[in-house]
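K.L.:
Give me the fold of what follows.
(chains A, B and C)
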Amino acid sequence: MPERVMFTMGDIACAEGALSAGARYFGGYPITPATEIAEWMSKRMPEVGGAYVQYEDEIASITSVIGASWTGVKSMTATSGPGVSLMLESVGLAVMTETPLVIVNIMRGGPSTGQPTRGQQGDIMQAKWGSHGDYQIIALTPASVQEMFDQTVQAFNLSEKFRTPVFVLADETVGHMRERLVIPDEKDLKLEYRKLPTVDPSEYLPFKADDDLVPPMGLFGSKYQFYATGLTHDERGYPSDKENVQIELVTRLNDKILKNSDQIIDLERFMLDDAKIAVISYGTPSRSAKKAIRDAREEGIKVGMLRLKTVWPFPEEQVAQLASEVDHIIVAEQNLGQVYYMVKAYASPTPVHLMAKPAGMPQLPHEILDKIKEIKSI
Amino acid sequence: MTESTPVLKHPMAKYIRSDRQPFIYCSGCSIGIVTGMIARAIDNLDLDITKTVIVSGIGCTGRTSGYFKTGTYHTTHGRAIAFAEGVKIANPELEVIVVSGDGDMAAIGGNHLIHACRRNIDMTVICINNFTYGMTGGQFGPTTEHERYSQTSPAPVGNIEHPFNLVKLAASSGAIFVARWTAVQARRATKSIEKGIQKEGFSFIEVIGACPTEYGRMNRFGDGVTMHKHLLEVAEIQNGLPPHEAELDYENRIVCGEFVNIEKPEYTAVLREMHKKLKE
Amino acid sequence: MPRYEIRFGGFGGQGIVTMAVVLGEAISLVEKKECVQTQSYGPEARGGATKSELVIDDVEVDYPKVQAPDVFVAMSRAAYLEYIDGLKDDGILIIDEDLVEIEGDLPDGIKIYKIPATRIADTEIGVKQATNIVMLGALTAITGIVTPEGLKQQIVERWPRFKETNLKALELGLKAGREAVPFSA
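P.N.:
The predicted structure follows:
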């Protein structure tokens, strides 16, 4: 399809991004503020020969997405925090069975039912630590309608490349605001697809990884036979309660994300080159920060921003490097401090200041400007 | 003439992963018998094994999928049907078989079961009902009869709750094919599994099984052989009986047979129709 | 043009969000300016106070929400009371005069325009649902934020089936806007 231009919502840009990435299966359950994705998909999926399936709950939704993915179809779900709470069991299953899929979380106020129509960024740690056990996750944090499209495409690419679930974590403001969206000509999109096995089926070891730590994926309906299980398994996929099998598997699952993090981490450096104060932010608050930084620069304050377009895996080295360049770091996020604790861990001894806002409106530009001035006066 | 040692090979061995033998099942357990039924159904229908997917959840029965030599998946607890729905919708050419236990399907996965019956996606679901959570040591479950003993329903009362009748549940939820057999009626049960596979829609086959190690021991039902003999004695074949009359009284009468066999538009077929209409 | 902020307020069902969206489409897609539309809404599908906003700029819009609107279009009393705060000094307040009365203190130098949008839609067009298009016409005439041609093009493209009604509503709204005499509080 040639290039298209729309004035549309982040949620719809996300759905279109998924379709452009080749997603042909959507399993979901209605929830504010992600319903627009489901509604759009219910119309668009059948048009492209795919399926929109509405399940009885979020648990079934994501589990069906895992099933669909094992047939070789790029698959996704979209929800909000309360839905993710239900899905976390299967996030673990997808991690353990190395299933590519995308989970979109349009973040609203929590805990519990919280404020369904108001945005927040309270689910950053949920995405990382929500399911039990040691695992890594990939999470992208778009800040505009265009990025909702671009980063959803990227989420599919990363999920396919590393055979792992990937979160798109967008705050409600990004999900619901409308901006101009340019959907590129499909020829110009670079799309990834999971590695498939090439060995003789009799020699196929479904969970034996290549050098990139990712095993080629046998699919249902292919000539390859396999047993995939949420139990700890060896290279054959067979359950094992041996210590070395557990250590090898869990280490590899973590390492395939951590050791490939340079291919995943995506950051924007904004006016940082001579900065003495750095703001770290993501999603809608990062747009407030941009305005605040522009205003502060007019007043001669040397401030810039490291905008996280991905929060997981955490950009440890980049934050440590930044901390060595500046005198102070301000973390502005729409919660009571989540990324803040990660920044603190890697910025030490550079002081890190939290600008928290656990509510529907992000930090206003002038509030961030005031904070920058306050820090400058220290 | 060369001498060869005769090798005894089970006719169904070609479908089973020999490198995963022996099965984890206790002696006297019914799950091995039902595994054999599924293999025979696949064999009798001459299914393309590479296009057959076998899915199960958690528990003793949940281990069944992993013994088959095809594309198999062992989900988390209760989610086998939800996983299978995604598989079938994403690739309707696949033959999807789900096999799991009563706890997996009727307790933690109960909501998925009833909605899958209603949704009518083509798959065959085999529930081995042994009235207990065997793998965790024999606690009462959604099909445990009133006042039966278990690790969590001790004397003097036993189980305070009342059981689901899975035939009635599946039938009233909209399954298009519903049958019940005991593990000793292997030929009849295999036929029903074959019918379920051939039917275009959601088929539910309950197989009443024995767990002598846990449920049998705690309720003094005797060993596996005794329990299976009992099943044969109390099984009462009533094909075509209205499903709401398919009673299950372990002590006296287990009504067996095929109770529902109807037609209803199947999900993936309707979806394909929709694709066609949109293309026109 | 520097950053320009418009706020629409009314009750659910009046097409408050749609007003901002179609205006945003005209500005973004037809006139190629930078533009972000946001909204806030409660659990009510009908009734309640609804707010929808547009930020327009020549350069990339950073903070996407309205901070101090240059224009506030108020189409219900509840929305007027809820969302009047923050209107800029010397800003523009457009009210549906049959639904909103000026109450309380207003910022300095405000210009108030009274447009009977609902009445025009109801009596002159016979389609109450066209109220928001009448109001958009008035807004366009009063602020010049979009060209009448640009808005017209987008309205026709968006609702081809209601072309006739909508264009009539737009014309009557433009006329009402041109003829409206501003007064101060």
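K.L.:
Am I right that B:Asp43 is in a helix?
P.N.:
Yes. When DSSP: H, G, I helix; E, B strand; the rest coil is applied, B:Asp43 is found to be in a helix.
K.L.:
hmm, the least confident helix or strand in chain C by mean pLDDT in reach of chain A?
P.N.:
Taking mean pLDDT, DSSP states H and E as the measure, the helix or strand of chain C with the lowest value is strand C:47-57, at a mean of 91. No. Figure legend: strand C:47-57 not in contact with chain A (Cβ under 8 Å from any Cβ of the partner chain); closest approach 9.1 Å. To be clear about C-beta, it is placed using only N, CA and C from the backbone, and glycine gets the same treatment.
K.L.:
I figured C:Val127 was touching C:Thr118, is that so?
P.N.:
No. Taking Cβ atoms under 8 Å as the definition, C:Val127 is not a contact partner of C:Thr118, at 11.1 Å.
K.L.:
Neighbour count: these two, which is higher?
P.N.:
More neighbours surround C:Thr118 than the other of C:Val127 and C:Thr118, with 20 against 16 (other Cβ atoms under 10 Å in any protein chain shown).
K.L.:
what about dumping the CA coordinates of the least confident helix or strand of chain C to CSV?
P.N.:
Taking Å, rounded to 0.1, in the frame of the first residue of the first chain, the C-alpha atoms of strand C:47-57 are listed here in CSV:
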residue,chain,number,x,y,z
GLY,C,47,-24.5,14.3,29.5
GLY,C,48,-21.6,15.2,31.9
ALA,C,49,-19.0,17.8,31.1
THR,C,50,-16.9,17.1,28.1
LYS,C,51,-13.8,18.9,27.0
SER,C,52,-11.8,18.8,23.8
GLU,C,53,-8.8,20.8,22.9
LEU,C,54,-6.5,21.8,20.0
VAL,C,55,-3.0,23.1,20.1
ILE,C,56,-1.8,24.6,16.8
ASP,C,57,1.7,25.8,15.9
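K.L.:
what lines up beside that strand in the sheet?
P.N.:
As defined by DSSP bridges, the strand partners of strand C:47-57 come to strand C:4-12 (antiparallel), strand C:34-40 (antiparallel).
K.L.:
Whatever residue of the stretch 1-150 of chain B ends up closest to chain C: which element?
P.N.:
Nearest residue of the stretch 1-150 of chain B to chain C, counting by Cβ to the nearest Cβ: B:Asn111, 25.6 Å away. In this structure, B:Asn111 is located in helix B:110-119 according to DSSP states H and E.
K.L.:
in that helix, what's buried?
P.N.:
Across helix B:110-119, burial judged by 16 or more other Cβ atoms under 10 Å in any protein chain shown covers B:Gly110, B:Asn111, B:His112, B:Leu113, B:Ile114, B:His115, B:Ala116, B:Cys117, B:Arg119.
K.L.:
returning to that earlier point: mind putting the strands paired with strand C:47-57 in TSV, mean neighbour count and mean pLDDT included?
P.N.:
Shown next, in TSV, are those (neighbours: other Cβ atoms under 10 Å in any protein chain shown; pLDDT from 0 to 100):
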stretch	mean neighbour count	mean pLDDT
strand C:4-12	24	95
strand C:34-40	23	94
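K.L.:
now these in CSV, with distance to A:Val214?
P.N.:
Formatted as CSV, the strands paired with strand C:47-57 follow (distance: least, Cβ to Cβ, whole Å):
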stretch, distance to A:Val214
strand C:4-12, 48
strand C:34-40, 39
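K.L.:
Nearest to B:Gln21, out of the ones you listed?
P.N.:
Distance to B:Gln21, taken as Cβ to Cβ, is lowest for strand C:34-40 among those, at 62.5 Å.
K.L.:
from memory B:Lys264 sits against B:Lys199, does it?
P.N.:
No. Here B:Lys264 does not reach B:Lys199: they are 10.2 Å apart, not a contact under Cβ under 8 Å.
K.L.:
Next, show the common contact partners of these two.
P.N.:
Residues touching both B:Lys264 and B:Lys199 (Cβ atoms under 8 Å, 6 or more residues apart in numbering or on different chains): B:Ile176.
K.L.:
out of these two, which sits in the more crowded spot?
P.N.:
The neighbour comparison of B:Lys264 against B:Lys199 (other Cβ under 10 Å) goes to B:Lys199, with 19 against 12.
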